Structures are given as structure tokens and as C-alpha cells.
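Student: test case, fold it:
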Amino acid sequence: QVQLVESGGGLVQAGGSLRLSCAASGRTFSSYPMGWFRQAPGKEREFVSAISWSGGSTYYADSVKGRFTISRDNAKNTVYLQMNSLKPEDTAVYYCAADPVTVVAGTPSYWGQGTQVTVSS
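Tutor: This next block holds a predicted model:
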């Protein structure tokens, strides 16, 4: 079992930065691919970014490429999402996700409760 708890969301002006954290419990964390998804009001949940279990491979949605950076620290059981040059359209609830196989395809097995990110114009 993996339990995920996000933090770091908040209100920021356009052009600003935030860093989200996802703390995971469970001894298998270091072997799981991890990812971030987001859901804006009235929209479907969408993929944002993912990272392999080793951190050696990362993936980004086109909408955040060059602005967001995903990383992980397996010693701290934590995944991060550094968000720079934020835009109002980045406003959403951000969810951390994990899966034994992949978070890029299909629906990940484990989800956090979400953290709100609001970007004002």
C-alpha cells in the first residue's frame, strides 16, 4: 500500500513560482513511478508530469514543458513539482499519483487528496 499526501499549493500571481511536495508512505515507494495530475473546475483531470522510479526519466505535458520540473528523493519518500512562470490557466487542484507499473498510461492505482493551486492574473 502507498499513501500520498500533497502540500505546497496556494495563491500566486502570474509569473510566480510554487513547489508542490508529495510525501509517500510505504516501503515500496522507491520502486514506483510517480506523477502529477491536475483538474481545473469544469474540466477533466489531465496529466501534468511523471518520473520513473529511479528519477532517470521524466515526462511532461506540452502545456507545462519548460516551466515545470518534477523530481524525487527516494530517501525522503517525496516527489516534488517545481512550477515556474505560472499562468492563470495553471489554476487547478493538483494530485499526486503512484502506480507499480506506470502513471503515464491508464489510471494510477494510488492518489493523494489534492492541493489547490490558484494563479491570479
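
Student: drop to CA atoms for contacts and neighbour counts, all remaining ones
Tutor: OK.

Student: what separation is there between the residue nearest the centre of the chain and residue 121?
Tutor: If you average the C-alpha coordinates of the chain and look for the closest C-alpha using C-alpha atoms, centre = their mean, you land on residue 36, 2.5 Å from that point. Using C-alpha to C-alpha, to the nearest Å, residue 36 is found at 23 Å from residue 121.

Student: report the contact partners of the closest residue to residue 83 other than its chain neighbours.
Tutor: Computed as C-alpha to C-alpha, 6 or more residues apart in numbering, the closest residue to residue 83 that is not its neighbour in sequence is residue 68, at 4.5 Å. The contact partners of residue 68, taken as C-alpha atoms under 8 Å, 6 or more residues apart in numbering, are 81-84.

Student: and the gap between residue 68 and residue 42?
Tutor: With the distance defined as C-alpha to C-alpha, residue 68 ends up 23 Å from residue 42.

Student: re the thing from before, which non-adjacent residue is nearest the residue nearest to the centre of the chain?
Tutor: Leaving aside its sequence neighbours, residue 36 sits nearest to residue 96 (C-alpha to C-alpha, 6+ apart; 4.7 Å).

Student: try residue 24
Tutor: residue 4 (4.6 Å).

Student: packing partners for the helix or strand containing that neighbour?
Tutor: Element membership of residue 4 [criterion: DSSP states H and E] is strand 3-7. Counting contacts by 3 or more C-alpha pairs under 8 Å, 6 or more residues apart in numbering; DSSP states H and E, the secondary-structure elements packed against strand 3-7 are strand 18-25, strand 92-98, strand 110-111.

Student: how far off centre is the last one?
Tutor: For strand 110-111, the distance from its own C-alpha centre to the chain's C-alpha centre is 11 Å (C-alpha atoms, centre = their mean, to the nearest Å).
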